[in-house]
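Participant: Quick one, fold the following:
(one chain, ligands or ions: 1)
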Amino acid sequence: MQRLDRFLSEAGVESRRKIKEVVRAGRVCVNGNAVFAPEMKIDEAADTVTLDGEIVGRSRGRIVLMMNKPAGCVTAAQDKDFKTVMEYLPPQYRKLMPVGRLDKETEGLLLFTNDGDLAHRLISPKHGVEKTYYAEHAGEIDETDIAAFSAGCVLRDGTVCRPAVLEKLAAGKCIVRVCEGKYHQVRRMLASRGKPVSYLRRIAEGGVELGDLPVCMTRELTETEIAALESVDFDEKVLRNN
Ligand code: URA
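Facilitator: Model (predicted):
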């Protein structure tokens with residue numbers, strides 16, 4: 001048996017003081033019944049605790065969440081200068097870890113999970129999970145840019161990238177698909193072709209799509225989406241043929 005406020009605190013739901021407010025406001029239910037006493041004892045192995053209708057803590061198994069990350073925040077647990085992505089997570093998800101990173105000015109699909117093996121799989125170069133970006137840029141994409149991406153871009157510092165897909169959408173707009181995650185990779189790839197990026201959004205990762213999730217919002221992945229992430233693998237031929 002454990003105190004409810006302690007259980008919520010260990011589950012990463014706000015600070016101890018804030019938790020008392022949340023409980024007293026009737027937002028927490030134990031086995032479907034609203035409770036108002038933070039000191040109430042619960043059986044953490046048997047009781048189901050919810051906050052605003054979402055199951056909290058150890059009673060949950062694996063969680064995989066997506067966020068539509070806004071521009072202007074960093075992918076870090078904490079930062080002294082900037083807002084972090086963690087500040088956009090609803091309280092019950094604050095113990096999850098981001099899977100890889102998006103740079104401060106990049107928007108879009110950022111995954112979070114409590115499953116270390118899945119996170120490792122998604123960021124490991126061995127599996128080379130494909131990520132898709134929508135970019136707005138200066139200049140115009142031509143056939144030589146598309147061929148350079150397909151052969152493996154050489155960045156301005158000499159770094160050679162894996163083959164990637166570059167698709168022109170309209171003047172100054174394109175789609176880029178990459179199977180690796182070097183620092184500022186897409187911006188540097190387009191810059192290496194004289195097309196500096198003014199806007200970048202990740203729209204898919206490992207077959208999972210951001211869709212119409214509003215900026216700053218999160219949603220849990222479906223079992224089908226999680227299964228897709230667990231089975232994706234690097235296939236250079238796919239990138240070369242596109
Ligand atoms: N490429 C970038 O340049 N930035 C990101 O955040 C992700 C990929």
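
Participant: what residues does the protein put near the ligand?
Facilitator: Leu102, Asp103, Thr106, His184, Gln185, Val186, Arg187, Leu200 (Cβ under 6 Å from any ligand atom). From N, CA and C alone the C-beta is placed, and that goes for glycine too.

Participant: Give me the three-state assignment for the first one.
Facilitator: Looking back up the chat, that one is Leu102. Following DSSP: H, G, I helix; E, B strand; the rest coil, the label given to Leu102 is coil.

Participant: Kindly state the pLDDT recorded for it?
Facilitator: pLDDT for Leu102: 98.

Participant: likewise the fourth one?
Facilitator: Here, the pLDDT recorded for His184 equals 96.

Participant: where's it relative to Leu89, distance?
Facilitator: Plainly put, His184 is 24 Å away from Leu89 if you go by Cβ to Cβ, to the nearest Å.

Participant: Between those two, which is the more surrounded one?
Facilitator: Shown here are His184 and Leu89; by other Cβ atoms under 10 Å, Leu89 has more neighbours (18 against 14).

Participant: just checking, that one touches Phe112?
Facilitator: Yes. In this structure, Leu89 is within contact of Phe112 by Cβ atoms under 8 Å, at 7.0 Å.

Participant: Now stretch 221-235: buried residues?
Facilitator: For stretch 221-235, a neighbour-count test (16 or more other Cβ atoms under 10 Å) marks Leu221, Glu225, Ile226, Leu229, Val232, Phe234 as buried.

Participant: returning to that earlier point: give the residues shared as contacts by Leu89 and Phe112.
Facilitator: Counting by Cβ atoms under 8 Å, 6 or more residues apart in numbering, the residues touching both Leu89 and Phe112 are Leu65, Met67, Leu96, Thr218.

Participant: and of those residues, the nearest to Pro196?
Facilitator: Nearest to Pro196 out of these is Met67 (Cβ to Cβ; 26.2 Å).

Participant: Find the least confident helix or strand in the chain, judged by mean pLDDT.
Facilitator: Sorting the helices and strands of the chain by mean pLDDT, DSSP states H and E puts helix 236-241 at the bottom, at a mean of 53.

Participant: Next, the contact list for Tyr133, please.
Facilitator: Residues near Tyr133 by Cβ under 8 Å, 6+ apart: Gly108, Ile175, Val176, Arg177, Val178, Val186, Leu200, Arg201, Arg202, Ile203.

Participant: Just name whatever secondary elements the host helix or strand of the fourth one is in contact with.
Facilitator: Think Arg177. Using DSSP states H and E, Arg177 sits within strand 173-178. Contacts defined by 3 or more Cβ pairs under 8 Å, 6 or more residues apart in numbering; DSSP states H and E place strand 173-178 against strand 131-137, strand 165-170, helix 185-192.

Participant: now do 10 Å
Facilitator: The contact analysis (3 or more Cβ pairs under 10 Å, 6 or more residues apart in numbering; DSSP states H and E) places strand 173-178 against strand 131-137, helix 143-151, strand 165-170, helix 185-192, strand 197-205, helix 236-241.
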